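Pasting a predicted model and its sequence here:
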Amino acid sequence: MKFQRVFGTLPKTTASAPGRVNLLGEHTDYNDGFVLPTAIPQRTTVQIGLSSDDRHHVYSAEYDELINFSDDDTIPQKFVSYICGCLRLVEKEGYKIPPINLYITSTVPIGAGLSSSAALEIATLRGLRALLNLPLDDVRLAQIGQQVEIRYAGLNCGIMDQMASSLADTNTMLLIDTRSLECRPIPFPTSTEILIIDSGESHQLAEGSGYNQRRAECEESARILGVKALRDIADPQAVEVLPEPLRRRSRHVVTENNRVLEAVKSLPAERFGELMNASHASQRDDYEVSVPAVDTLAAILQSIPGVFGARLTGGGFGGACVALVESGKAGVIASEAIDRYQRAGYSGRVLVPEIKVNS
Ligand code: GLA
C-alpha cells in the first residue's frame, strides 16, 4: 500500500537513513570512548505529508499498521514511540510541528544489532528537517535521536548508532570520538570486504536486558576509579583494583578503546582482524554480552580461510556477527559459515552483502 492509498494525499517530502554495523569499539560510547562503525546498504525511508485533522498518523509498511495520536496522548507503544519521541523532542527545541502523516518503509533488519531504531529516528528527523526547513545539523539530529531512544524507548544508550546513521556512509568506516563528537573517515584495510551474518537470536536491549545494567556498572567503576568516564583510563592495569564484576567490565572497555585506537592506524587486514577476534573474546568473557549461538557463529567465521576476523556487533545479547574478509570471497565464506552454523543446530542468515545463500 502506497502513501497515497493510506492517507489519500501525496507526501511533501521523503527522507531516508541507513542502519549501521560496528567494526570495533563496542560498549565504549557510553564511556565517552571511541567507536568505528560504517553504514550498511539497508535503509529506512519515511515519507511525510500534512495531516487533514489534528492528529499525527503513522503507517508502517513492514507491520502493515496505522496508528494515530495527538500531542496530548500518552506515548504510543511500538515503532510509533520513536516517531512520537522525534516529534516531541524537536518541539522541545522550539519548533512547532503541524499534525503529519508519516509512512515508513525499511530494509534494515530488526533485532539484529544493526540499528534499525536509529535509522528510523534519523530518517524521521531528516524528514522533519526537510519539511519544516529546520536549522539542525547532522550531529544535532544524532543527539536528538539518542535522546529519543533514552526517553521514549527506555534504552540508556550511547550516541554511536545515531551518529553512524546520521554521518556515516558505506565506503569508509567512521572513527567517532563520542566525547567530543569529532569524526574521521577511515578507509577499510586494503582488499577486504564486510560480511554480516545474523545469528537468528533476536536481541532486545531495552528494559530488563543487561544493557542498562552494564552501563551502570561502568559508571560505578569510573566513580570508584575517580575519573569522569572509563575513556580516561588507557592502562588496563589500572582497573585491577576494582571488585568483580566491575574489574572485567572495565577491562573490556579500556582494552576495547585501545583496540579502536590501534585499528585506525592503517593496519594490514590481518592485524585488524586479530583486533576484531580479541574484541569478541572480550565481549564474551569480560563484558558478558554474547550468547552461545553468537559465540558459535563467531568461532565458525574465525576458522574459515579468507576471514581476517569476526565478532559480535552491536549491543549484544543476540544479534549478528560482522566479519572482515578477503575481497570477493564474502559469498563463498557466507555459504560455508551458514552451512556449518546449521550443522551446529542453529539457523543464520546473510544480511550483508544482500545475497541469497542456499542453506
Ligand atoms: C547499542 C547502543 C549503542 C552502543 C552499542 C554497543 O547499539 O544503542 O549506543 O552502546 O549498543 O556498542
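Received it, and whenever you're ready, just let me know what you need.

first vs last residue of stretch 233-248, how far apart are they?
Using Cα to Cα, to the nearest Å, the span of stretch 233-248 from its first residue to its last is 14 Å.

That one: which residues count as buried?
For stretch 233-248, a neighbour-count test (16 or more other Cβ atoms under 10 Å) marks I233, A238, V239, L242, L246, R248 as buried. Using the backbone N, CA and C atoms, a C-beta is placed for each residue, glycine as well.

residues making contact with whichever strand or helix holds Q146?
Using DSSP states H and E, Q146 falls within helix 138-152. Under the contact criterion Cβ atoms under 8 Å, 6 or more residues apart in numbering, helix 138-152 has outside partners 75, 81-82, 84-86, 88-90, 93, 117-118, 121-122, 125-126, 129, 136, 155-159, 161-163, 165-167, 181.

7 Å instead?
Defining contact as Cβ atoms under 7 Å, 6 or more residues apart in numbering, one finds that helix 138-152 is touched by 75, 81-82, 84-86, 89-90, 117-118, 121-122, 125-126, 129, 155-157, 159, 162-163, 166-167, 181.

When you filter those down to buried only, what's left?
81-82, 84-86, 89-90, 117-118, 121-122, 125-126, 129, 155-157, 159, 162-163, 166-167.

Among these, name the ones in helices.
Using DSSP state H, 81-82, 84-86, 89-90, 117-118, 121-122, 125-126, 129, 162-163, 166-167 are the members of the buried ones among the contacts of helix 138-152 that sit in helices.

what about the lengthiest strand in the chain, near the ligand?
Among the segments of the chain that qualify as a strand by DSSP state E, the longest is strand 37-50. No. Strand 37-50 does not reach the ligand (Cβ under 6 Å from any ligand atom); its nearest approach is 8.9 Å.

quick one, that strand and helix 160-167 angle?
Per axes from the mean of the first three to the mean of the last three Cα atoms, to 10 degrees, the angle that strand 37-50 makes with helix 160-167 is 70 degrees.

check contacts around G158.
By Cβ under 7 Å, 6+ apart, the residues touching G158 are D29, Y30, T178.

between those, which is closest to A330?
Nearest to A330 among those is D29, at 27.1 Å by Cβ to Cβ.

Please name the nearest non-neighbouring residue to the closest one.
G158 (2.8 Å; Cβ to Cβ, 6 or more residues apart in numbering).

State the phi and psi torsions of L301.
The phi/psi pair for L301 (degrees, to the nearest 10) reads phi -60, psi -50.

surely it meets C321?
Yes. Applying Cβ atoms under 7 Å, one finds L301 in contact with C321, separated by 5.9 Å.

So these two - more neighbours on which side?
Set L301 next to C321 and count neighbours by other Cβ atoms under 10 Å: C321 wins out with 33 against 28.

Quick one: list the elements packing against the strand or helix carrying that one.
Element membership for C321 (DSSP H and E) is strand 320-326. Packed against strand 320-326 by the contact rule (3 or more Cβ pairs under 7 Å, 6 or more residues apart in numbering; DSSP states H and E) you find strand 192-198, helix 269-282, helix 292-303, strand 307-313.

and G328, what does it touch?
By Cβ under 7 Å, 6+ apart, G328 has no neighbours at all.
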